[in-house]
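Chemist: A predicted structure for the sequence below; I have some questions about it.
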Amino acid sequence: MLKGEYKVGVLGATGTVGQRFILHLHNHPFFKLVALGASSRSAGKAYRDVTKWKQVKQIPESVQRMQVEECTVEHFQQCDIVFSGLDHDVAGPIEDALRNAHVAVFSNAKNYRRDPLVPLVVPLINTSHYSVLPAQQKSLGLTKGYIVANANCSTTALVVPLAALEKAFGPLEQVQATTLQAISGSGYPGLPSLDILDNVVPYIGSEEDKMEWETYKILGGVSAQNDAFDYHAQSPLTVSATCNRVPVIDGHTVCAGVKFASKVKPSPQQVMEALSAYTCDAQHVGAPSAPQQVITVHQEQDRPQPRLDRDHQNGAGVNVGRVRGDALFDIKFVVLANNVQIGAATSSVMNAEVAALQGYV
Ligand SMILES: NC(=O)C1=CN([C@@H]2O[C@H](COP(=O)(O)OP(=O)(O)OC[C@H]3O[C@@H](n4cnc5c(N)ncnc54)[C@H](OP(=O)(O)O)[C@@H]3O)[C@@H](O)[C@H]2O)C=CC1
Ligand SMILES: N[C@@H](CC(=O)OP(=O)(O)O)C(=O)O
């Protein structure tokens, strides 16, 4: 149901997430990158002159000389879609202004995730939440333009296997999750090397709270009138998260324990089969960024590992390993997700691909 080529822009194009957007979008099959935005420090200059480019791949030729603009409506209202990798300190009013200018905004920033009419979408799980977009538009008197948020990167890692387990075995009762989060999650330049090398920092501001409540919204449903999210209202699920920063560059690892609500518990083998079999709408509608395999289940005792597994399928899926029974929980496992790909830019792009393919853009 594509309407042809869509003009897209990137806000925060010079940042850690913005650079991933550039690599995703510069030769996309139906998104044409036409506008780049960043702060007034970068505006008016060529992209290659203001970006501290940290990717192994070079800046695409077509982007090197593009002029970076201020993130104002006048520079982006030509776009059908804008991807936001903006700092959350500034993202709120900029994204709202673009929505009001009839642009579909797909944001990585946390500002609108709690909004009762903004879908919080992990494209491997809940693109069905787009059914609330007309209610969002109606509440603002808009006929075009909306905001879709993607989740926190650690939440994204955790919820994909949880969604697959709920689909196969019914509601979950308790989830305990302990993260080992990569340095790139804190943006560039991130933590000082003297804080993170040879060290683990057992605190990431507001991360635990986000992992807990975002999970409820993502795994929840939508009201019969398509005008509200139910935040998992009918579920007995309780999530408890502990977040740590570790000296890994990219790739968030989460060690999870899960209790099922049902009295009949699946075996580790059944869990592995269910995780491997899980598929999602992004695959079914043919989103170009969707992975072949949503959850790659590793049989080796010592996988997944960030260095070895984060770039599997360009970081578009998640990796699960060490699926086993437990004395306290019904099942334990380790999940790894590339925080700057499916945890950030890939999620936004895949969300927009599904929206376009389903006629929401
Ligand atoms: N890194 C990650 O793993 C994840 C990040 N996110 C979220 O994505 C967003 C971007 O994160 P990240 O790329 O790591 O951050 P960075 O600090 O690397 O980049 C921030 C970007 O915001 C721009 N910016 C800063 N101030 C302004 C301003 N006043 N007006 C316009 N643009 C401005 C910067 O432009 P300039 O270069 O000109 O300063 C830069 O392009 C954040 O909201 C973050 O929370 C979400 C999930 C994962
Ligand atoms: N806080 C995450 C990255 C991030 O920016 O999260 P959020 O999008 O929820 O603000 C990390 O440090 O790894």
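Modeler: Done, it's in. Small disclaimer: the values here were computed from a predicted structure and weren't measured. Ligands and ions are numbered 1, 2, ... in the order given.
Chemist: only C-alpha atoms from now on, for both contacts and neighbour counts.
Modeler: Fine.
Chemist: tell me what the one helix or strand V68 maps to is packed against?
Modeler: Assigned by DSSP states H and E, V68 belongs to strand 68-70. Packed against strand 68-70 by the contact rule (3 or more CA pairs under 8 Å, 6 or more residues apart in numbering; DSSP states H and E) you find strand 31-38.
Chemist: quick check, the strand it packs on touching ligand 1?
Modeler: Yes: shown here: strand 31-38 in contact with ligand 1 (CA under 6 Å from any ligand atom) through A38.
Chemist: downstream of that strand, the next helix or strand is which one?
Modeler: Counting by DSSP H and E, what follows strand 31-38 is helix 47-50.
Chemist: does ligand 1 sit close to that next one?
Modeler: No: figure legend: helix 47-50 not in contact with ligand 1 (CA under 6 Å from any ligand atom); closest approach 7.1 Å.
Chemist: now for that helix, which elements pack on it?
Modeler: helix 61-64.
Chemist: just the CA trace of the helix it packs on, in CSV.
Modeler: Output of helix 61-64 as CSV, limited to C-alpha atoms (Å, rounded to 0.1, in the frame of the first residue of the first chain):
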residue,chain,number,x,y,z
GLU,A,61,28.7,10.4,-0.6
SER,A,62,25.2,11.7,-1.1
VAL,A,63,25.1,13.0,2.5
GLN,A,64,28.6,14.4,2.9
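Chemist: so for that helix, mean pLDDT?
Modeler: The average pLDDT within helix 61-64 is 98.
Chemist: show residues contacting it.
Modeler: For helix 61-64, contacts defined as CA atoms under 8 Å, 6 or more residues apart in numbering pick out I22, H26, A46, Y47, R48.
Chemist: what about the third one, neighbour count?
Modeler: So that's A46. When neighbours are counted by other CA atoms under 10 Å, A46 registers 17.
Chemist: quick one, grab the pLDDT at it.
Modeler: pLDDT, read off for A46, is 98.
Chemist: now it, nearest residue through space, not along the chain?
Modeler: Ranked by CA to CA, 6 or more residues apart in numbering and with sequence neighbours excluded, the top spatial neighbour of A46 is Q67, at 4.5 Å.
Chemist: what does the strand holding V68 rub up against?
Modeler: When contacts are defined by CA under 8 Å, 6+ apart, strand 68-70 is touched by residues 35-40, 42-47, 75.
Chemist: what do you get for stretch 252-262?
Modeler: Applying CA under 8 Å, 6+ apart, the contact partners of stretch 252-262 are 153-154, 157-158, 169-182, 236, 306, 329-339.
Chemist: restrict those residues to those near ligand 1?
Modeler: C153, N339.
Chemist: before we move on, the earlier item: immediately after the strand holding V68, which helix or strand?
Modeler: Counting by DSSP H and E, the next helix or strand C-terminal to strand 68-70 is helix 73-76.
Chemist: next up, the contacts around the residue of the chain found nearest ligand 2.
Modeler: Residue nearest to ligand 2 within the chain: G185 (3.3 Å; CA to the nearest ligand atom). Contact partners of G185, counting by CA under 8 Å, 6+ apart, are C153, D250, N339, V340.
Chemist: assign it to helix, strand or coil.
Modeler: helix (DSSP: H, G, I helix; E, B strand; the rest coil).
Chemist: my read: A91 touches N111, true?
Modeler: Yes: look at A91 against N111 with CA atoms under 8 Å: they come within range, at 7.0 Å.
Chemist: before we move on, the earlier item: out of the contacts of strand 68-70, which are buried?
Modeler: Buried by 16 or more other CA atoms under 10 Å: A35, L36, G37, A38, S39, S42, A43, G44, K45, A46, Y47, H75, out of the contacts of strand 68-70.
Chemist: could you pull up the residues touching the last one?
Modeler: Right, H75. Contacts of H75 (CA under 8 Å, 6+ apart): A35, E69.
Chemist: with the fourth one instead?
Modeler: With contact taken as CA under 8 Å, 6+ apart, A38 is in contact with L11, G12, A13, T14, V68, E69, E70, C71, L86.
Chemist: near ligand 1 too, which of those residues?
Modeler: Restricting these to contacts with ligand 1 (CA under 6 Å from any ligand atom) yields G12, A13, T14, C71, L86.
Chemist: need the max-distance pair from these.
Modeler: Pairwise distances across those (CA to CA) peak at 12.2 Å, for the pair T14 and C71.
Chemist: ramachandran coordinates for the closest residue to P236 other than its chain neighbours?
Modeler: Nearest residue to P236, sequence neighbours excluded (CA to CA, 6+ apart): E173, at 5.2 Å. Phi and psi for E173, reported as degrees, to the nearest 10, are phi -110, psi -50.
Chemist: re earlier: A91 and N111: which is more packed in?
Modeler: A91 (21 against 17).
Chemist: circling back: and which of the contacts of A38 is nearest A104?
Modeler: The shortest approach to A104 among the contacts of A38 belongs to L11, at 12.7 Å (CA to CA).
Chemist: so that closest one touches C71, yeah?
Modeler: Yes: using CA under 8 Å, L11 makes contact with C71 at a distance of 6.5 Å.
Chemist: residues shared between the contacts of these two?
Modeler: Joint contacts of L11 and C71 (CA under 8 Å, 6+ apart) are G37, A38.
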